[in-house]
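> Build me a model:
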Amino acid sequence: MQPTRILQGMRYRKLRLTTKDVNKGYYKGTGSGSMGRHTKHGGYVIEWDKVRTYVCPPLEGFKLTPFVSQTIRPQHGIYNGDPNGPRNPELYLSRWKSENGFD
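So this is what the prediction gives:
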């Protein structure tokens, strides 16, 4: 589909088309593809060859650690520490380094 000559002018040449720039019949979409098809009875059948699958690479020897350690357990109650509490970045980083051992 090509824009009209007015839209091809200098003003609109480098901009993307939107539904407000063109007449009816232009459907931009969301970029998501279908994963199946509709049946004549109103159902939907998933076609598994269209479903996206992601393969995780092997993580042996992977040096990065999760941002929150799995050894941290939630503690409920009154906090008597730093007045900034968990929003203090120095306190958070020092605790993270002491529990994970990585910088």
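
> Where does pLDDT dip in this protein?
When residues are selected by pLDDT under 70, those of the chain lie in 1-15, 66, 70, 78-81, 85-86, 102-103.

> quick one, strands of it?
36-38, 44-46 (DSSP state E).

> Tell me the spacing between Leu64 and Pro83.
Separation of Leu64 from Pro83 (C-beta to C-beta, to the nearest Å): 32 Å. Where C-beta positions appear, they are placed from N, C-alpha and C, glycine not excepted.

> Gly61 now?
41 Å.

> Ok, Gly31 next?
Distance of Gly31 to Pro83, given as C-beta to C-beta: 46 Å.

> And stretch 75-92, end to end?
End-to-end distance of stretch 75-92 (C-alpha to C-alpha, to the nearest Å): 15 Å.

> Hmm, I typed the wrong one, I wanted stretch 60-71.
Terminal-residue distance, stretch 60-71 (C-alpha to C-alpha): 20 Å.

> and if you look at stretch 33-53?
Using C-alpha to C-alpha, the two ends of stretch 33-53 sit 14 Å apart.

> can you check stretch 43-62 too?
Taking C-alpha to C-alpha, stretch 43-62 runs 44 Å from one end to the other.

> who's in contact with the nearest residue to Ser34 once chain neighbours are set aside?
Distances taken as C-beta to C-beta, 6 or more residues apart in numbering place Lys50 nearest to Ser34, at 6.7 Å, with adjacent residues excluded. Applying C-beta atoms under 8 Å, 6 or more residues apart in numbering, we find Lys50 in contact with Gly33, Ser34, Met35, Gly36.
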